[in-house]
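> Predicted model follows, preceded by the sequence.
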Amino acid sequence: MKNSTHQNGIPISPSLTDIETEEKQVKKTYFQKGRLIRVSVFAVVVAAAISLIAKLLVALINLVTNISFYGSFNLNFHSPAGNHLGLWVIIVPAIGGVIVGLMALYGSKAIRGHGIPEAMEQILVNQSKIKPSITFLKPISSAIAIGTGGPFGAEGPIIATGGALGSTLGQLFKITSSERKVILAAGATAGMAAIFGTPIAAIFLAIELLLFEFSPKSIIPVALACITGAAGHHLLFEPGPVFAMPDLAMPSNIALAWYSFLGIVIGFVSLGLTKIVYLIEDAFEELPVHWMWWPAIGGLAVGIIGYFAPHTLGVGYDNITGILSGNWPLTLICSLCLFKFLSWAIALGSGTSGGTLAPLLTIGGAAGAIIGTFILREFPGSGISIPMAALVGMSAMFAGASRAYLTSIVFALEATMQSHALLPLLAACTASYLISFLLMENTIMTEKIARRGVFTPNSYQPDSLQKISVAQAIKHEQVILNSGITIKEAKDWLSANPVQESYLITVNDENEFTGTVKITDIYQEKLNPETTLEKIAKENRIWVKDSASLSQAVALMAKQNAEVLPVLSTSNHQVIGVLSYRDIIASYSSQLEENEDATAHISLKRKRLKMLIRGKKAINRKTSV
């Protein structure tokens, strides 16, 4: 037998020593924790930077707004609705669209759109690599688009900017694509936390729309980034909830039922809203002009709508606060709901630079207030309130259109600080999400990238192979031969005992693993029949313990390019079987069948029969007595 490296009496190759020893496993664990700390530091640095960029973006939007509508160099917020430009207001958004189109043409086409779908696409197909130029092109183009009257919020651009900044930092250092994804998500969600001061909602946004996973290595850096972004919000922006509203009372059970109904209606509205947005985008694709001019055409429509409905221009966070107050007249709310939707859908379909969250909140809040008003008129005893209906509609619209279920609920709670709204929000968002899930294949966030052939995960289940051990998967009747027998003896045995496997496992007299042998090698004519199997066994000897998970075994097989793995007992280190890809696939298939098998394990009919039999026996006993 060849000399080999021994550990615990088992022949092991040097590569296995690195993989299997307890000392190496401990070092590997510390190494992974060290990398987690490193990624967390990167995430906090990106979050601190994006908090400052968020403040600069808001200031830049205010500056462009004041220049465009009031002719003044001022960084304070003034709503475009108060302008006195008359008909000239129509061309202001069109001019902004021309500038954005030129920036997209000569800068980067990636600045078009509302940011989150583009970030999702880079995560799913491009190893989370975003062009560094997006870090400054996106906020500048968005400030111009929004400042000239574009009906968008600042949150979409800052999310895209934060993602680009995180991705850029991740490309400067030697990190994995998975770690780069985490830093990208940390930057994006820190931007949301910096704008709204909603760190928990931002964490859920990362889980539901960017990370597509839930694990400590991803949640810890993102959470730290969102905390940093929220701290930046409290430091750089006004204190208190971003959408202040009157205190809400605890709803009754009847009111909860009506809020659930409102969620169902909003769910259907969100379906129509998403369809119309992409119909408009398809219509722009058919225009016989270069795409650079589309934002200008969309801007012209925004200006025309803004002339008749000035409240549709600009960010419109003040509109959300007004709707949630419950004091706005119904005519104004109806006008805002309809014309804000038209303005936003056309502008977004034109491919200009902007976001979706603020418009969805505005439209949903207005729709909720309208529906709530009609419910109160027809059913005065319903127990609902207009501010609560507006808040519920706002959140349900976001849940239905984006399917960011937890994000929509928590965001409404954090942005308003209304704890009594929890149950109505939960009921309405569940109803809206259910309608969206049942009736719409893609969401407003995923439809664009789905058309490009990019599949977006819609569930975050644990790896099935991690739940199955090697011992559960292997067949203990696998062929294991003594390494001391000759090729002739092996051929004779195989002739008498045909096998399906392409590899044989060899052991020594003490049943210790010595290597693997290809069956095709045994039948090579040039080999001496008296040569022992030990002589032709593969030098790269790898194995796995029966207590390991199938996920670990697959990783080892892929790393070593092995088709089979000998399995050693954890207790006595003896070979107890062989793991092949066929075993892994069979175990995975069994797991799928188990998850899909709909079987009743309790039979009510059988229970009734047993009760009847027991009753008859009891009657017979009494009769005999």
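Alright, I've got the coordinates.
> list the contacts for A471?
A471 is in contact with D546, S547, V567, counting by CB atoms under 8 Å, 6 or more residues apart in numbering. Placement of C-beta: from N, CA and C, glycine included.
> Do a quick rundown of the strands in this protein.
In the chain, the strands defined using DSSP state E lie at 6-7, 10-11, 480-482, 503-507, 513-518, 544-545, 564-568, 575-580.
> Report the angle between the last one and strand 564-568.
Strand 575-580 and strand 564-568 are oriented at 150 degrees to each other (axes from the mean of the first three to the mean of the last three CA atoms, to 10 degrees).
> Go through strand 575-580 and flag the buried ones.
By neighbour count with 16 or more other CB atoms under 10 Å, strand 575-580 contains the buried residues V575, I576, G577, V578, L579, S580.
> which among those gets closest to Q418?
Distances from Q418 to the buried residues of strand 575-580, taken as CB to CB, are shortest for L579 (55.4 Å).
> in stretch 226-246, what counts as buried?
Buried residues in stretch 226-246 (16+ other CB under 10 Å): 226-233, 237, 241-243, 245.
> what do you get for stretch 265-285?
Quick answer for stretch 265-285 (16+ other CB under 10 Å): 265-267, 269-271, 273-274, 277-278, 280-281, 284.
> List just the nearest of those residues to Y523.
The shortest approach to Y523 among the buried residues of stretch 265-285 belongs to Y278, at 60.9 Å (CB to CB).
> And that closest one, how far from G298?
To G298, Y278 is 14 Å away according to CB to CB, to the nearest Å.
> Extract the C-alpha set from stretch 203-211 and format it as PDB.
Taking C-alpha atoms only, stretch 203-211 is exported to PDB below (Å, rounded to 0.1, in the frame of the first residue of the first chain):
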ATOM      1  CA  ILE A 203     -34.600  46.400   6.500                       C
ATOM      2  CA  PHE A 204     -37.700  44.600   5.300                       C
ATOM      3  CA  LEU A 205     -37.400  46.300   1.900                       C
ATOM      4  CA  ALA A 206     -33.900  44.800   1.600                       C
ATOM      5  CA  ILE A 207     -35.200  41.400   2.500                       C
ATOM      6  CA  GLU A 208     -38.300  41.500   0.200                       C
ATOM      7  CA  LEU A 209     -36.900  43.300  -2.900                       C
ATOM      8  CA  LEU A 210     -33.100  43.200  -2.900                       C
ATOM      9  CA  LEU A 211     -31.400  40.400  -0.800                       C
END
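> per-residue confidence averaged over that stretch?
Throughout stretch 203-211, pLDDT has a mean value of 89.
> Surely A110 touches I134?
Yes. Counting by CB atoms under 8 Å, I134 is a contact partner of A110 at 5.5 Å.
> What is the burial count for I99?
Counted with other CB atoms under 10 Å, the neighbours of I99 add up to 18.
> Start the count at 27 instead of 1 going forward.
Will do, 27 is the new start, and the previous item becomes I125.
> got a list of what it touches?
So I125 contacts S167, I170, T174 (CB under 8 Å, 6+ apart).
> from these, which single one is nearest F463?
Looking across the contacts of I125 and measuring by CB to CB, the closest to F463 is S167, at 33.7 Å.
> got a list of what the closest one touches?
S167 neighbours (CB under 8 Å, 6+ apart): I125, V126, M129, A130, G133, I137, P183, S379.
> got the buried residues for stretch 126-136?
V126, G127, M129, A130, G133, S134, A136.
> what sits up against it?
137-138, 144, 156-157, 159-160, 163-164, 166-167, 170-171, 317-322, 377-379.
> hmm, try it at 10 Å
137-139, 144, 147-148, 156-160, 162-164, 166-168, 170-171, 174, 176, 186, 190, 316-325, 376-380 (CB atoms under 10 Å, 6 or more residues apart in numbering).
> pLDDT on that stretch, on average?
Mean predicted lDDT for stretch 126-136 stands at 86.
> do the same with stretch 397-411
Across stretch 397-411, pLDDT averages out at 92.
> List the buried residues of it.
I397, G398, T399, I401, L402, S408, G409, I410, S411.
> just to revisit the earlier point, mind listing which of the contacts of stretch 126-136 are in helices?
In helices, judged by DSSP state H, the following of the contacts of stretch 126-136 are found: 144, 147-148, 160, 162-164, 166-168, 170-171, 186, 190, 320-325.
> What subset of these is buried?
144, 147-148, 160, 163-164, 166-168, 170-171, 186, 190, 320-325.
> Just among the contacts of A497, which is most surrounded?
Counting by other CB under 10 Å, top hit in the contacts of A497: V593 with 28 neighbours.
> pretty sure that one contacts L582?
No. Applying CB atoms under 10 Å as the test, V593 and L582 come out as separate, 11.6 Å apart.
> list the residues that contact both of the two?
W569, V570, A574, L605.
> Turn the buried residues of stretch 291-311 into a markdown table, columns for pLDDT and distance to L553.
Below are those laid out as a markdown table (pLDDT from 0 to 100; distance: CB to CB, whole Å):
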| residue | pLDDT | distance to L553 |
| --- | --- | --- |
| V291 | 96 | 78 |
| I292 | 96 | 75 |
| G293 | 95 | 71 |
| V295 | 95 | 75 |
| S296 | 94 | 70 |
| L297 | 94 | 69 |
| L299 | 92 | 72 |
| T300 | 90 | 67 |
| V303 | 89 | 69 |
| Y304 | 89 | 66 |
| I306 | 92 | 72 |
| E307 | 88 | 67 |
| F310 | 91 | 70 |
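> so which of those residues comes closest to M443?
I292 (22.3 Å).
> Please name the nearest non-neighbouring residue to A453.
S286 (4.3 Å; CB to CB, 6 or more residues apart in numbering).
> quick one: contacts for the closest residue to G380 other than its chain neighbours?
Distance criterion CB to CB, 6+ apart; nearest residue to G380, sequence neighbours excluded, is F178 at 2.9 Å. The neighbours of F178, taking CB under 10 Å, 6+ apart as the test, are 87, 140-141, 168, 171-172, 340-342, 369-370, 373-374, 378-385.
> so how far is L374 from F178?
Look at F178 and L374: by CB to CB, they are 8 Å apart.
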